[in-house]
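[1] predicted coordinates and the sequence they were generated for:
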There are 4 protein chains.
Amino acid sequence: MNSDSQQLLSTLHDCAAACNHCFDACLQEEDVKMMAECIRLDRECADFCSYLEQAIMRNSPFIKQLAALCAEICEACADECGKHDHEHCQHCAKACKACAEACRQFA
Amino acid sequence: MNSDSQQLLSTLHDCAAACNHCFDACLQEEDVKMMAECIRLDRECADFCSYLEQAIMRNSPFIKQLAALCAEICEACADECGKHDHEHCQHCAKACKACAEACRQFA
Amino acid sequence: MNSDSQQLLSTLHDCAAACNHCFDACLQEEDVKMMAECIRLDRECADFCSYLEQAIMRNSPFIKQLAALCAEICEACADECGKHDHEHCQHCAKACKACAEACRQFA
Amino acid sequence: MNSDSQQLLSTLHDCAAACNHCFDACLQEEDVKMMAECIRLDRECADFCSYLEQAIMRNSPFIKQLAALCAEICEACADECGKHDHEHCQHCAKACKACAEACRQFA
């Protein structure tokens, strides 16, 4: 695996971790209703980042296209998380923005 | 694939569909907070049923053990969904209970 | 879920089943080396079809984009499987072609 | 997340990477037929390790049971990979053995 792929793997892993943590934390917030779209997008983003990680690891012929779509999903999750002041949302927004940028460059 | 596996595949598919629908519908309810554990378990159950479906399809050597664990996860989701009166929760509880039973017999 | 989504779910399910069965059967063939690309693409296609199934079930905001990429992956798997005379490859090629077409129309 | 979970996440990640790399490398070997069981178990093990990673990240209520089953799957993959002299198989066997041990302790 080249160093571009190695770098992307690590960014995807951080993003999946941040999204899954945000999913869990949002479900424990007082005002869960306000977090509904965040919960939904956290799952979308975590699942796709995790999917792309595995695709890179197995040398899939489709990683460029997957990365392009991953950038779009990360961007949407970053936008939603960025609206909320919770520390887990702000952390997640940052991780998603970094991952969107890394995916776009890779694609 | 034998008819036991075919039957289980169909039950798993219905359960994953019911859980994912319940996940989506819970996020759109008025009182999302009350549905937090339901949302969490819907994802757990949908993801594992979907995983087991693929494992059966590819003739995995671990389907008995996966089915035993799937039964436990379906049971937990059925118990939580069963507490709520929403039609999607009641439907999901029924699908999860049927799937738990099918998984236990298969395992 | 509307009837377009219901229809696509069923086509994706058939395609994932055909790909996973072909994956398993290729690994049991006499000349596995000749089937290497088929094995690789069967996994790619089964995994992505299964991913898209779940995304549709949970009302993901990204199903159009996922379906567009799924069409491309199904097409590649259909092309490779179509080269081999094994019954499981020919069956898989047909399922992948049908799924590529369904995904393209949906996207 | 506590440090036990953090440690396990890292071990699972290494194991999934080793299994997916071995899957890819086995498909490019001269004698693919000899590697058929290795290819099959690499996929089983990579998929389950990746599943468990996500489950830990989202604070799933089922991580102990998942880890117990993961140990069994890693062990089976380690046994098969250990039979082959290819560097990717030996590396994978080591990663799987370490992961089996980590999962067992966690469970």
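    Done, it's in.

[2] contact residues of chain A facing chain D?
    By CB under 8 Å from any CB of the partner chain, the residues of chain A that approach chain D are A:1, A:9, A:13, A:16-17, A:20-21, A:23-24, A:46-47, A:50, A:53-54, A:57-59. For glycine as for every other residue, the C-beta is placed from the backbone atoms N, C-alpha and C.

[3] and chain C, which of the residues you listed contact it?
    Applying CB under 8 Å from any CB to the residues of chain A next to chain D, those adjacent to chain C are A:Asp47, A:Gln54, A:Arg58.

[4] what sits against the second one?
    It stands for A:Gln54. Shown in contact with A:Gln54 (CB atoms under 8 Å, 6 or more residues apart in numbering or on different chains): C:Asp47, D:Ala16, D:Asn20, D:Ala46, D:Asp47, D:Ser50.

[5] keep only those of the residues you listed that are in helices.
    Judged by DSSP state H, the contacts of A:Gln54 include C:Asp47, D:Ala16, D:Asn20, D:Ala46, D:Asp47, D:Ser50 as members of helices.

[6] A:Glu87: neighbouring residues, count only.
    Counted by other CB atoms under 10 Å in any protein chain shown, the residues lying close to A:Glu87 total 10.

[7] measure it to A:Glu29 for me?
    11 Å (CB to CB, to the nearest Å).

[8] coming back round to it: can you tell me which of the residues of chain A next to chain D are buried?
    Buried subset of the residues of chain A next to chain D (neighbour count, 16 or more other CB atoms under 10 Å in any protein chain shown): A:9, A:13, A:16-17, A:20-21, A:23-24, A:46-47, A:50, A:53-54, A:57-59.

[9] these: which two are farthest apart?
    The two members of those with the most space between them (CB to CB) are A:Asp24 and A:Asn59, at 31.7 Å.

[10] any low-confidence regions in chain A?
    Chain A contains no residues with pLDDT under 70.

[11] where does A:Glu80 fall, secondary structure wise?
    A:Glu80 belongs to helix A:63-81 when elements are defined using DSSP states H and E.

[12] re the thing from before, reformat the ones in helices among the contacts of A:Gln54 as TSV; add distance to chain B.
    Below are the ones in helices among the contacts of A:Gln54 laid out as TSV (distance: CB to the nearest CB, whole Å):
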residue	distance to chain B
C:Asp47	8
D:Ala16	14
D:Asn20	16
D:Ala46	13
D:Asp47	7
D:Ser50	10
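
[13] so is the residue of chain A positioned farthest from its centre in a helix, a strand, or just coil?
    For chain A, the largest distance from the centre (CA atoms, centre = their mean) belongs to A:Glu30, which lies 23.9 Å off. When classified by DSSP: H, G, I helix; E, B strand; the rest coil, A:Glu30 comes out as coil.
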